[in-house]
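>>> Sequence first, then the predicted structure, then my questions.
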Amino acid sequence: DQQVKQNSPSLSVQEGRISILNCDYTNSMFDYFLWYKKYPAEGPTFLISISSIKDKNEDGRFTVFLNKSAKHLSLHIVPSQPGDSAVYFCAASAVSNTGKLIFGQGTTLQVKP
Amino acid sequence: SQTIHQWPATLVQPVGSPLSLECTVEGTSNPNLYWYRQAAGRGLQLLFYSVGIGQISSEVPQNLSASRPQDRQFILSSKKLLLSDSGFYLCAWSVLGRNEKLFFGSGTQLSVL
């Protein structure tokens, strides 16, 4: 049972344009959402997060949007840079689950120069 | 500052052989510790987590076990490896309380042949 889904395995974007990565979840108890970025042969690094009491959180070029009614969140990267090329994981947690993270399958972003 | 060490980076093991992966954290006390696995084409799956010495919770039934002999040491083991144990293994830590923001090690690529 995949509680967190990233239905797009890959995304290719031109440098300078917007990258939009999507994530859907099924568990209505999730109350905290995160995005992680992973380069090959490295561990994931935390990128940005959002609490369920908000619908938007912005950090520089990265913005995460949360639509609770649709159980959907998205990560926007503007403008995209070649160094953003990596695998992006969406993750979710619930306070009732002691905060353990449930990860999506990941989306590989390629930003072309 | 806190750092997490995980080794080895790459491991090739025959089916039926034992396994021991080690992870240590520096610069923090009483962290929560986690073992995740990323199988090919899959997301990050939580295998084990620990909130203290000798306290291990298993998330999925499997051929692996974990131990925490010291506060900042987490070990992943198997007595007999299976082909299906191949994958990218990641150790992570978080602070007490809400555990969403995980800090990952660099990972171990395990190939069971």
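Perfect, thanks for sending it. All of these numbers come straight from a predicted model, not from anything done at the bench.

>>> what secondary structure does the residue positioned nearest the centre of chain B sit in?
Centroid-nearest residue in chain B, with Cα atoms, centre = their mean: B:Trp35, separated by 2.9 Å. Using DSSP: H, G, I helix; E, B strand; the rest coil, the secondary structure recorded for B:Trp35 is strand.

>>> Just confirm it contacts B:Leu44, I think it does.
No: B:Trp35 lies out of contact with B:Leu44 (Cβ atoms under 8 Å); the separation is 10.5 Å. Every C-beta, even on glycine, is put in place using the N, C-alpha and C of the backbone.

>>> Need the overlap of contacts for these two.
B:Leu90 (Cβ atoms under 8 Å, 6 or more residues apart in numbering or on different chains).

>>> any idea how far whichever residue of chain B sits closest to chain A is from B:Asn32?
For chain B, the nearest residue to chain A under the criterion Cβ to the nearest Cβ is B:Phe104, separated by 3.1 Å. B:Phe104 sits 13 Å away from B:Asn32, going by Cβ to Cβ, to the nearest Å.

>>> With A:Lys68 instead?
A:Lys68 is 27 Å from B:Asn32, by Cβ to Cβ.

>>> which residues in chain B form strands?
Along chain B, counting by DSSP state E, strands occupy B:3-7, B:10-13, B:19-26, B:32-38, B:44-52, B:55-58, B:65-70, B:73-78, B:87-94, B:103-104, B:108-112.

>>> Equivalent analysis for chain A, please.
A:4-5, A:10-14, A:19-25, A:32-38, A:45-51, A:56-59, A:62-67, A:72-77, A:86-93, A:102-103, A:107-112.

>>> Need those in a markdown table (columns: mean pLDDT and mean neighbour count).
Converted to a markdown table, the strands of chain A look like this (pLDDT from 0 to 100; neighbours: other Cβ atoms under 10 Å in any protein chain shown):
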| stretch | mean pLDDT | mean neighbour count |
| --- | --- | --- |
| strand A:4-5 | 93 | 20 |
| strand A:10-14 | 97 | 14 |
| strand A:19-25 | 97 | 21 |
| strand A:32-38 | 94 | 22 |
| strand A:45-51 | 93 | 16 |
| strand A:56-59 | 96 | 12 |
| strand A:62-67 | 98 | 18 |
| strand A:72-77 | 98 | 19 |
| strand A:86-93 | 94 | 24 |
| strand A:102-103 | 90 | 22 |
| strand A:107-112 | 97 | 17 |
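
>>> Isn't the residue of chain B closest to chain A up against B:Cys91?
Yes: B:Phe104 sits in contact with B:Cys91 when judged by Cβ under 8 Å, with a separation of 7.2 Å.

>>> Switch the strands of chain A over to TSV; also include distance to B:Glu59.
Listed next are the strands of chain A as TSV, based on distance: least, Cβ to Cβ, whole Å:
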stretch	distance to B:Glu59
strand A:4-5	14
strand A:10-14	28
strand A:19-25	18
strand A:32-38	18
strand A:45-51	21
strand A:56-59	28
strand A:62-67	25
strand A:72-77	23
strand A:86-93	13
strand A:102-103	10
strand A:107-112	23
